[in-house]
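Asks: just coords:
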């Protein structure tokens, strides 16, 4: 997907909403459990209910890998239910070198057909650049995450040079002259740090997890994270998927998605240029 | 696998050899290409040829994911051909938080039945500890890799406190009182740094990639990396898998594996206690 297409989608939907498809078989409503593929049936209903409010879907690969080989088939079929104009992000946090990275890129961008992939930066330039070689594909590089362990290494560095800022700076150099799009994962629970991130990457698209189950202030994220081109994807997973527990789960998911979208709409209208 | 079982295997095989099953469909000999599953047929022949010299096998997940859903089936069947007393390592470099990490652990340790998994440290404690909750399972945490990009972030830090050393130190704390085994990925092309690693983690098992196609000095690695309990796995992938290109590929792989084992045997005899 072109960056301009994502901007247009954010503007027309008045939404930064990314729905995280972290589908836990144990949390699927009982009436779906006799379906041939309960996870697929659940995902399909969630997608149909939330698509009017979403600009991206983000399946977390761990939830599909845990199902064994059939999980990949479920994932592939799930993607078929996502409207083609909505960004699809494989939340896989892959990171490996050279020819291995290219194989991961093939797996996600070509075999499965995702628009985007989350990538871990630890191994450096040759673990990131191969993913940027694909035109109209996106990399979301882990920068500053929202979990407790983010304090272990992401702030390590000399005074004033925490690792996550080094990741932002160096990776911007790598993205020059590459055909793909480079964005970043930035945790919502660090809305103060959002300004520091924006000082280094003023235009990049930020993928913000942590709204909902992980806490995080939605208004602060929209205000500090959005750019005139959109530049923001706000993820919610459990708060939408498991908003309802019984037969009404899809309706409850729709309401949860619409509520988030309506909270974000004023920021899109104010900040995202026409 | 218990740590003591790996020590025993290293001692009886007189070998630190880990065979990397990074099987590239394009490099499989032509006569296997009409098999129902060429990658599986190739892996089976490689395993049968090299098992007398190997103490571990390490499939790189990217090569299987690139095959689509059938790749996971190929991987599962490949594992069935690996003798049960040999360590199996999923080189997946996964890293995600809490419940997601637990799902990856389920996928690799239970659904697929691997003994070990490579893990990326960027997200910190809650992306590593869930993998250590499995008794007799192993985590190999990325510390110092051997690729050019390893200089981008792994040496970032205040004077004398490079990130990779911080990873070693902090993760040692996390492993206390956990039932799993914690080892590290340390690149062979940094044999000088091996002493610095050993100063921090004197007993941990080190998984050393980079011998063979990536360069690296085998003797220096054995001398500086081994402990009285073994404590070392030396990986070779392309140098074994593609030692021969035609009908003789398995024989060539056997010779390449035996040659590496014989180079390592004197170090096992000298260093690994009886």
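Replies: On my side now, so go ahead. If you're wondering where the values come from, they're calculated on a predicted model, not measured in any experiment.
Asks: can you pull the contacts of residue A:55?
Replies: Neighbour list for residue A:55: A:6, A:9-10, A:13, A:15-18, A:86-87, A:233 [criterion: Cβ atoms under 8 Å, 6 or more residues apart in numbering or on different chains]. For the C-beta atoms, the positions are set from N, CA and C on the backbone; glycine is no exception.
Asks: anything in stretch A:208-225 near chain B?
Replies: No - contact between stretch A:208-225 and chain B, assessed by Cβ under 8 Å from any Cβ of the partner chain, is absent, since the two come no nearer than 9.1 Å.
Asks: so which elements touch the host helix or strand of residue A:102?
Replies: Using DSSP states H and E, the secondary-structure element containing residue A:102 is helix A:98-105. For helix A:98-105, the packing partners by 3 or more Cβ pairs under 8 Å, 6 or more residues apart in numbering or on different chains; DSSP states H and E come out as strand A:87-94, helix B:61-65.
Asks: the inter-axis angle of the first one versus helix B:98-105?
Replies: So that's strand A:87-94. Here the directions of strand A:87-94 and helix B:98-105 differ by 70 degrees (axes from the mean of the first three to the mean of the last three Cα atoms, to 10 degrees).
Asks: so, low pLDDT: which residues of the stretch 51-200 of chain A?
Replies: Residue ranges of the stretch 51-200 of chain A with pLDDT under 70: A:188-191.
Asks: tell me where it has helices.
Replies: According to DSSP state H, counting those that start in this stretch, the stretch 51-200 of chain A carries its helices in the segments A:61-65, A:69-80, A:98-105, A:150-153, A:163-175, A:191-200.
Asks: I'd like those helices as JSON lines, with mean neighbour count appended.
Replies: Conversion of the helices of the stretch 51-200 of chain A to JSON lines gives the following (neighbours: other Cβ atoms under 10 Å in any protein chain shown):
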{"stretch": "helix A:61-65", "mean neighbour count": "25"}
{"stretch": "helix A:69-80", "mean neighbour count": "19"}
{"stretch": "helix A:98-105", "mean neighbour count": "22"}
{"stretch": "helix A:150-153", "mean neighbour count": "20"}
{"stretch": "helix A:163-175", "mean neighbour count": "20"}
{"stretch": "helix A:191-200", "mean neighbour count": "16"}
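Asks: quick one: contacts for the residue in the stretch 151-274 of chain A that chain B sits nearest to?
Replies: Of all residues in the stretch 151-274 of chain A, residue A:152 sits closest to chain B, at 3.2 Å by Cβ to the nearest Cβ. When contacts are counted by Cβ under 8 Å, 6+ apart, residue A:152 is found next to B:121, B:124-125, B:170.
Asks: widest-spaced pair of these?
Replies: Using Cβ to Cβ, the contacts of residue A:152 span at most 9.4 Å, a distance reached by B:121 and B:125.
Asks: compare the two (neighbour count), which wins?
Replies: The residue with more neighbours, out of residue B:121 and residue B:125 and counting by other Cβ atoms under 10 Å in any protein chain shown, is residue B:121; that gives 27 against 20.
Asks: skip the chain neighbours and tell me the closest residue to that one.
Replies: Here the nearest residue to residue B:121 in space, its sequence neighbours aside, is residue B:167; by Cβ to Cβ, 6 or more residues apart in numbering or on different chains that works out to 4.8 Å.
Asks: correct me if wrong: that neighbour contacts residue B:128.
Replies: No - Residue B:167 is beyond contact range of residue B:128, at 9.5 Å (criterion: Cβ atoms under 8 Å).
Asks: in stretch A:122-134, what counts as buried?
Replies: Neighbour counts using 16 or more other Cβ atoms under 10 Å in any protein chain shown place A:122-132, A:134 of stretch A:122-134 among the buried residues.
Asks: between those residues, which is closest to residue B:264?
Replies: For residue B:264, the closest of the buried residues of stretch A:122-134 turns out to be residue A:123, at 26.2 Å, with distances computed as Cβ to Cβ.
Asks: show me what contacts that closest one?
Replies: A:95-97, B:93, B:120, B:142, B:145, B:147, B:149-150.
Asks: switch to 7 Å and redo it
Replies: A:95-97, B:145, B:147, B:149-150 (Cβ atoms under 7 Å, 6 or more residues apart in numbering or on different chains).
Asks: could I get those as CSV with distance to residue A:200?
Replies: Converted to CSV, those look like this (distance: Cβ to Cβ, whole Å):
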residue, distance to residue A:200
A:95, 21
A:96, 25
A:97, 25
B:145, 25
B:147, 25
B:149, 20
B:150, 23
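Asks: what helix or strand is residue A:259 located in?
Replies: Take DSSP H and E as the rule and residue A:259 turns out to sit in helix A:249-271.
Asks: what residues of that helix count as buried?
Replies: Applying a neighbour-count criterion of 16+ other Cβ under 10 Å, one finds A:249-250, A:252-258, A:260-261, A:263-265, A:267-268, A:271 buried in helix A:249-271.
Asks: could you report the pLDDT at residue A:43?
Replies: For residue A:43, the model assigns a pLDDT of 98.
Asks: next one: the nearest residue to it once chain neighbours are set aside from residue A:44, what distance?
Replies: Counting by Cβ to Cβ, 6+ apart, residue A:43 lies nearest to residue A:78, which is 4.5 Å off, once chain neighbours are set aside. Residue A:78 sits 7 Å away from residue A:44 when distances are taken as Cβ to Cβ, to the nearest Å.
Asks: quickly list what's touching both of those two.
Replies: Residues touching both residue A:78 and residue A:44 do not exist when contact is defined as Cβ under 7 Å, 6+ apart.
Asks: and for the residue nearest to residue A:44 when sequence neighbours are not counted, the neighbour number?
Replies: Leaving aside its chain neighbours, residue A:44 sits nearest to residue A:81 (4.9 Å; criterion: Cβ to Cβ, 6+ apart). For residue A:81, the count of nearby residues is 15 (other Cβ under 10 Å).
Asks: residue A:81: what's it in contact with?
Replies: Taking Cβ under 7 Å, 6+ apart, we find residue A:81 in contact with A:43-44, A:47.
Asks: I'd like the residues you listed laid out as TSV, including secondary structure and neighbour count.
Replies: Rendered in TSV, the data for these read as follows (DSSP: H, G, I helix; E, B strand; the rest coil; neighbours: other Cβ atoms under 10 Å in any protein chain shown):
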residue	secondary structure	neighbour count
A:43	helix	25
A:44	helix	19
A:47	helix	22
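Asks: residue A:72 reaches residue B:69, doesn't it?
Replies: Yes - contact criterion Cβ atoms under 7 Å: residue A:72 and residue B:69 qualify, at 3.8 Å.
Asks: and residue A:213, what pLDDT?
Replies: On the pLDDT scale, residue A:213 is placed at 53.
Asks: over to the one 5 residues further on?
Replies: The predicted local distance difference test score for residue A:218 is 89.
Asks: one more: the one 3 residues further on?
Replies: With respect to pLDDT, residue A:221 has a value of 91.
Asks: ok, it - how many residues close by?
Replies: Residues lying near residue A:221 (other Cβ under 10 Å) number 26.
Asks: can you check what angle separates the helix or strand hosting it from helix A:249-271?
Replies: For residue A:221, the enclosing helix or strand under DSSP H and E is helix A:218-225. Using the same axes, to 10 degrees, one finds that helix A:218-225 and helix A:249-271 are set 40 degrees apart in direction.
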